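# Attaching a predicted model along with its sequence, questions to come.
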Amino acid sequence: MAGTQMTGPSPRAQRYGVNWAVRVRTPSHGEWSTGMSVNLSVSGVLVEVGREWRIGEVLELELEFPCTGAAPQTVGAIGHVTRTDGKVFGRAAIQFAVPTAVQASRASA
């Protein structure tokens, strides 16, 4: 119907099961924790690393994307912890931060 708005929770982004190397750290702490990604979407990543994270904690991460016939490519991102798993030590969902237009223009300058 024209002019109506949808209500309720937004649908989750499609998840893709991946098993890629990941490094995670807080921006203020230089030591990386290493682990593996569990799944990936356009909005975030689920990781398993060797330590626990707090909900809301801002993290810097690097994912190694495998490339057929070439060395893996490392892609960096900033995000925050949205969820942890009490059953699996070190498992955390990280939502990617979306840069503002000003941040994006500065990064490309």
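Okay, I see it. Numbers count the residues shown, from 1 in each chain.

# Can you show me the strands along the protein?
For the chain, the strands defined by DSSP state E cover 16-17, 21-25, 33-40, 44-49, 58-67, 70-84, 91-96.

# Tell me who's in contact with the closest residue to residue 95 other than its chain neighbours.
Counting by CB to CB, 6 or more residues apart in numbering, residue 44 is the residue found nearest to residue 95 once chain neighbours are left out, at 4.2 Å. In this view, the C-beta of every residue, glycine as well, is placed from N, C-alpha and C. Counting by CB atoms under 8 Å, 6 or more residues apart in numbering, residue 44 touches 13, 79, 82, 93, 94, 95, 96.

# Can you select the buried ones among those residues for me in ChimeraX?
With 16 or more other CB atoms under 10 Å as the burial test, the buried ones among those are selected in ChimeraX as follows:
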select :79,93,94
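
# in stretch 27-34, what's buried?
When burial is assessed from 16+ other CB under 10 Å, stretch 27-34 yields the following buried residues: residue 33.

# re the thing from before, and the residue nearest to residue 95, how far from residue 60?
Separation of residue 44 from residue 60 (CB to CB, to the nearest Å) stands at 14 Å.

# From residue 76, how far out is residue 13?
Distance, residue 13 to residue 76, by CB to CB: 20 Å.
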